[in-house]
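# Pasted the sequence and its predicted model underneath.
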Amino acid sequence: MTTTITPATGFDDPVQQSQQAFRALLDAMARPGRVTTVETEAGHPEGLSPALAAALLTLADLDTPVWLGPGFDSEAVKTWLRFHSGAPLTAKAELAVFALLDAAQMPALESFSFGTDESPERGATLLIQVPGLTGANAMIWRGPGIKDGIAMPFCGLGQSVWRQRTALSIEFPRGVDLYLGCGRDLVALPRSTAISIEGA
Amino acid sequence: MYVAVKGGEAAIGNAHQLLAEDRRGNPDVPELSVAQIREQLSGSVDRVMTEGSVYDPDLAALALKQSRGDQVEAIFLLRAYRTTLPRLAVSLPIDTGNMKVSRRISSCFKDMPGGQLLGPTFDYAHRLIDFALEAEGAAPQAEGKGALADHLPQVVDLLNAEGLIEREQPDADDAVVGDLTREPLSFPAGRDIRLQTLARADEGYLLALGYSTQRGYARSHPFVGEIRTGEVAVEIEIPELGFAVDIGDITVTECQMVNQFVGSKSEPPKFTRGYGLAFGYAERKAMAMSLVDRALRAEELGEDITAPAQDAEFVLYHADNVEASGFVQHLKLPHHVDFQAELTLVRTMRAEIAAAEARKAELAEAAQ
Amino acid sequence: MTAQATQTDPEIGARQRRLRLLARADRATLEAALAALPAPPEWRRLKQPETGLTMVRARAGGVGQRFNLGEMTVSRCVVALEGAGQSMGVGYVQGRDCRRAELVAVFDALSQDAAGAERIERLLIAPVERKLADERRTRAAKVAATRVDFFTLVRGGD
């Protein structure tokens, strides 16, 4: 008989847990640069940060095409995401509402939708798994939700990614929003945050 | 401008109690059950499902009970309820060619394969009140005789050997199907959005618009290609399994209207089509919908837009009875501040006119 | 009736047939079949029973451009049997009865090995199929009795 691959578990109590994770995601987005811990336990495929797993289970559904970047386009992740969220997996990055990406294998930011001037909310949200959220500070983030300015490390993302992100400021209100996740922690970088790279 | 008002909580609470008492009516009369409404007032239930845009006979029956039979109120209840539910799937397109029909007729083709099946229709009833229904009797039993084919093809396509009737073309598999419940109406609206809007539209409104096309406001010379009512299976892709599964049957009514078309610069004369589809036994609705669908194709077919039923913005923006009833009925909510402001404005304007008149009179006097 | 998405895999075809019939079984029938099993199965829920909506799609003219007709209520549940195999079962049913969805998932899971499929077929699937066929035949006969032949009378003439 057909062997059905049993997917990794998700939330045990989807209603409560997705509310808790949503709260954490909102808090993080309201305070760019502040490390937020996603307390609720989510099952997740091996290799995926629990914080980003919880974010996907909370945000992705039938109406949100998801693009899985290199490193995450495995059967295990696909089966898990399809099973728990029902989200359609798209092969076209520009159609993605959410994208799951690995810091070491980043596609160009312009591969994703920035939304339109009329509907900037259609800009994609990128969930990027990074090796760490600490390190030597290399840039200053400023903008809504940040008092004065906050010094931030590169978090394992290449300089070119940060340069692309800096250049995006002129597109505002079009753009992409980012969550950087490592383990159970994440940091949000909304498009409203301006970045100045030290020495640049 | 909107100004919040406060107060009246006790009065509102008591008004709800009074409504509940009145809804129940005379307590000496037995209370209606939801099952009774579902089984014996199915015409009402079907309309509430179609315009409420949720197929669930028990829920529609309950909404009707709660709204004391007020259909637009029941439709509103269903629309409100659906917003509390997650969307789990989108079905594959239902196959009306595979319908288990209860009724199927054509006014164009007399001898259609499979035959004309009248089904449970009011058409040949004398419309005389049947006083026998005042008494409760044994459940009537209909006579059975013969059998039906498993598959009854759409006669419009079957009997179109010469190609004189336009053929509907499927869209590309990866084309996006517009969804009003996700994106608000915008123009130009494609046929997908028009048909979804019409399917949810108020039946009386569609009936009046459809009627107007027959009376000369958008000449369309309609013929009923086929009407069929019956059960179709709903299949959905199961994300957990990776293949489609049939999860149950729903009853729908379909109308294929065939309309004369005199031709245009690029098209030879032929028959064009309008389509109507609704949940349940909803023949009047499906027919009216097909007339309006055809009228709204005026631009696509290069016809002059001269009549209300051809004006997509007018038709589609005013079709939804929940929206319409909300906007009309909001007028009875407190507008005290607005009205006071208007009163002041009118008083000021009158005072200014009076002052101007007085000045004119003074000047005239001085000139004499 | 056959699934539109034609399946060449006979196992998938068999599962589609089973799920189609289970989705049409009423709750009492499913409960009775569960009670009639020699050893009551134990299962855990991979997905909690839940009621939601399915958007029903149709095509203009029955065969043309797709459009969204309206939604319908649907309930679903996914279970895994405890013990050897831990087969997964999926239940999707029309309406708001979560218990029906869960029982369908359990019977789907129980049918994942040949012996189980055999047992569930005899106990539940085949009787449901017969009942549905009977109901359909009876209804079709009543509809067939309303078949009419319209005669066209010659108009005017001399």
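Yes, it's here.
# And the helices in the chain?
Unless you meant another one, I'm taking chain A. Assigned by DSSP state H, the helices in chain A fall at A:14-30, A:50-59, A:75-85, A:159-167.
# look at chain C instead
C:10-22, C:27-36, C:98-110, C:114-120, C:126-144.
# Is chain A within reach of the fourth one?
Yes: counting by CB under 8 Å from any CB of the partner chain, contacts between helix C:114-120 and chain A involve C:A114, C:A117. C-beta coordinates here come from the backbone N, C-alpha and C atoms, glycine included.
# Could you save the helices of chain C as JSON lines and add columns showing mean pLDDT?
Below are the helices of chain C laid out as JSON lines (pLDDT from 0 to 100):
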{"stretch": "helix C:10-22", "mean pLDDT": "94"}
{"stretch": "helix C:27-36", "mean pLDDT": "96"}
{"stretch": "helix C:98-110", "mean pLDDT": "97"}
{"stretch": "helix C:114-120", "mean pLDDT": "93"}
{"stretch": "helix C:126-144", "mean pLDDT": "96"}
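# among these, which is nearest B:P268?
helix C:126-144 (39.0 Å; CB to CB).
# Of all residues in the chain, which one is nearest the centre?
You didn't say which chain, so I picked chain A. The C-alpha lying nearest the average C-alpha coordinate of chain A belongs to A:L127 (CA atoms, centre = their mean; 1.6 Å).
# could you do chain C instead?
C:R20 (2.5 Å).
# Now for it: which residues touch it?
By CB atoms under 8 Å, 6 or more residues apart in numbering or on different chains, the contact set of C:R20 is B:A233, B:V245, B:D246, B:I247, C:A3.
# cool, and A:L157?
A:A103, A:M106, A:I128, A:V130, A:L180.
# is it true that the fourth one touches A:C155?
Right, A:V130. Yes: assessed by CB atoms under 8 Å, A:V130 is found in contact with A:C155 at 4.5 Å.
# Pick out the most distant pair among the contacts of C:R20.
By the measure CB to CB, B:I247 and C:A3 form the most distant pair in those, at 11.2 Å.
# quick revisit: who does the residue nearest to the centre of chain A bridge with?
Beta-bridge partners of A:L127, counted by DSSP bridges, are A:L100, A:Y179.
# Distance of B:P184 relative to A:D102?
To A:D102, B:P184 is 37 Å away according to CB to CB, to the nearest Å.
# quick one: which of those two has more around it?
A:D102 (18 against 6; other CB atoms under 10 Å in any protein chain shown).
# Report the beta-bridge partner residues of B:R87.
Here B:R87, judged by DSSP bridges, has bridge partners C:L53.
# Just give me the neighbour total for it.
Neighbour number of B:R87 under other CB under 10 Å is 19.
# Verify the stated contact: it with A:D63.
Yes: between B:R87 and A:D63 there is a contact under CB under 8 Å: 7.0 Å.
# B:R273 belongs to a strand, doesn't it?
Yes: counting by DSSP: H, G, I helix; E, B strand; the rest coil, B:R273 is found in a strand.
# which residues does it contact?
The contact partners of B:R273, taken as CB under 8 Å, 6+ apart, are B:V156, B:I165, B:E166, B:E168, B:G225, B:Q256, B:M257, B:V258, B:N259, B:R294, C:G61.
# Could you dump these into CSV and include distance to chain A, pLDDT and secondary structure?
Formatted as CSV, the contacts of B:R273 follow (distance: CB to the nearest CB, whole Å; pLDDT from 0 to 100; DSSP: H, G, I helix; E, B strand; the rest coil):
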residue, distance to chain A, pLDDT, secondary structure
B:V156, 34, 84, helix
B:I165, 36, 88, strand
B:E166, 32, 88, coil
B:E168, 26, 89, coil
B:G225, 35, 93, strand
B:Q256, 31, 95, strand
B:M257, 33, 95, strand
B:V258, 37, 93, strand
B:N259, 36, 89, strand
B:R294, 32, 96, helix
C:G61, 27, 94, helix
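# Which of those ranks first by neighbour count?
Among the contacts of B:R273, the one with the most neighbours (other CB under 10 Å) is B:M257, at 30 neighbours.
# what is that residue paired to in the beta sheet?
B:M257 forms beta bridges with B:V224, B:G274, as assigned by DSSP bridges.
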